[in-house]
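# requesting a structural model of the entry that follows:
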Amino acid sequence: MKIELDTHFKSKKVTFIKKKIDEHNLEYVDEYNTKALNVFVNEKDVVIGGLIGLTYWNWLYIDRLWVDAEHRGKGIGTKILETAEKEAQLRGCIGIYLNTHDFLNVEFYKRKGFKMRGELKDFPKGHSRYLLAKIL
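You can find the predicted model right below:
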């Protein structure tokens, strides 16, 4: 037996392991049916906000949501989130989930109906990372 350390995100062996986990998962659940769900807001051909996400297993996962600092507080984040939520519902999603940190706008998500589902303290040190979810 040989144990090997690999520091690459997309090596052939990483792809192999992901494929094997997917094969195992599909013995228990329906297909992933993974689809990208990205929303962008442009002003004069410049992106000033956006959401990067994907839907699978009837949930929307929000990987990132960002609004340019000078455009924050103007409802752009709300419009982005509402657009993603509507599309998720059209895709048959029953909920939305995401991870965020205490130094980001956790209260924004709470105001939009998200509930705290978990906390990792000291991630990074001195801060917390939260799992939030919203049932549609």
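# from the chain's centre, how far out does stretch 16-27 sit?
21 Å (C-alpha atoms, centre = their mean, to the nearest Å).
# list the buried residues of stretch 68-77.
76-77 (16 or more other C-beta atoms under 10 Å). For the C-beta atoms, the positions are set from N, CA and C on the backbone; glycine is no exception.
# run through who's touching that stretch.
Residues outside stretch 68-77 that contact it (C-beta atoms under 8 Å, 6 or more residues apart in numbering): 41, 43, 48-49, 65, 67, 105, 108.
# chain center to that stretch, what's the gap?
On C-alpha atoms, centre = their mean, the centre of stretch 68-77 falls 19 Å from the chain's centre.
# how long is that stretch end to end?
10 Å (C-alpha to C-alpha, to the nearest Å).
# give me the sheet partners of the helix or strand encompassing residue 130 and which way each runs.
Here residue 130 sits within strand 128-135, counting by DSSP states H and E. According to DSSP bridges, strand 128-135 forms sheet pairs with strand 95-101 (antiparallel), strand 115-121 (antiparallel).
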